[in-house]
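In: My questions concern the predicted model and sequence given below.
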Amino acid sequence: MLQFIHNWSEVWSLLIPLAIILIYKPSGMRTGWLVAYVIIALCLNTVSTVMAQFYGQMPSWLKNNNILYNIHSMTRVFFFSFYIITVRPYKHISLLTGLLVAYIVFVIINFIFFEPILYLSPNLFAAESIVLLVMCMSYFFRSIDDESDTYWLKQPSFLVIGGICFYEVVTFFVFLFFNTINYSTEHKDRVFADALLMVYTVSYVILCVLLAIALYKNRKKIATTL
């Protein structure tokens, strides 16, 4: 049972914020970025998990789900970046948009010259973490420097961006070494790879729970800036 829960964690964890979306129907442009992410991520994770769990029954052209993880990584960058950029005003918004443009250029160059898109790309995941961590830090620094009466620590956006920051800090190191360790024939490396997957699973569940709480708080406090 525990193995089943772990194997399908990338699917059921997203059902938590999805349930909040369906029951409380949070609205608004900023919330829309989160809603769109949850729906797209659930579709990607469901397909990739089915491919992994029924690997033996899949035709050869459906045995590789790495491309779905790469697409999911890009999905996180775009939807979370747009959310962070639009959630509040920034003094140097051009720097954040420029960072997003630089990420797009990097993705194109990486998959043309360095890594095939069917390969689980450590470069892509590292770039994701760098972009989103810079975005998160910009939000936190801007909130500290804010002179308005808004108490940002109590805003739903703080939960969302705190969850993103936590997830990216943890998974940066997970995906940086995962391919090297996962393809090793050493037993100790395989054990360590399984431990890394567990760390990834826990961090993703935490992110989804924080997304669900933020979406719920946004519904309960319509006037609150998410």
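Out: Structure received.

In: quick one, helices of the chain?
Out: Ranges of helices in the chain, per DSSP state H, are 2-7, 9-24, 29-53, 66-87, 93-109, 122-144, 156-182, 187-220.

In: So which of the ones you listed is nearest Pro116?
Out: Proximity to Pro116, assessed across those by Cβ to Cβ, is greatest for helix 66-87 (9.1 Å). For every residue, glycine as well, the C-beta is placed using N, CA and C.

In: Give the rounded mean pLDDT of the closest one.
Out: Regarding helix 66-87, the rounded mean pLDDT is 95.

In: Show me what it is packed up against.
Out: On a contact count with 3 or more Cβ pairs under 8 Å, 6 or more residues apart in numbering; DSSP states H and E, helix 66-87 meets helix 29-53, helix 93-109, helix 122-144, helix 156-182.

In: Over the last one, what's the mean pLDDT, rounded is fine.
Out: Mean pLDDT, computed over helix 156-182, is 86.

In: can you check the shortest one too?
Out: For helix 93-109, mean pLDDT is 95.

In: What of the third one?
Out: The average pLDDT for helix 122-144 rounds to 92.

In: and if you look at the first one?
Out: The average pLDDT within helix 29-53 is 93.

In: how about the helices of the chain, which one is nearest Ser60?
Out: helix 29-53 (11.8 Å).

In: With adjacent residues omitted, what lies nearest to Phe82?
Out: Trp33 (5.2 Å; Cβ to Cβ, 6 or more residues apart in numbering).

In: Return the residues in contact with the one you found.
Out: Going by Cβ atoms under 8 Å, 6 or more residues apart in numbering, Trp33 touches 79-80, 82-83, 86.

In: on that earlier part again, got the helices and strands packed on helix 66-87 as JSON lines, with distance to Lys217 columns?
Out: Formatted as JSON lines, the helices and strands packed on helix 66-87 follow (distance: least, Cβ to Cβ, whole Å):
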{"stretch": "helix 29-53", "distance to Lys217": "11"}
{"stretch": "helix 93-109", "distance to Lys217": "25"}
{"stretch": "helix 122-144", "distance to Lys217": "17"}
{"stretch": "helix 156-182", "distance to Lys217": "4"}
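
In: Looking at those helices, spot the one closest to Ala193.
Out: The closest of these to Ala193 is helix 156-182. By Cβ to Cβ, the value is 4.5 Å.

In: any idea how far the spatially most central residue of the chain is from Tyr119?
Out: Centroid-nearest residue in the chain, with Cα atoms, centre = their mean: Arg76, separated by 4.4 Å. Distance, Arg76 to Tyr119, using Cβ to Cβ, to the nearest Å: 18 Å.

In: count of neighbours near Ile109?
Out: When neighbours are counted by other Cβ atoms under 10 Å, Ile109 registers 11.

In: how much space between it and Glu128?
Out: 15 Å.
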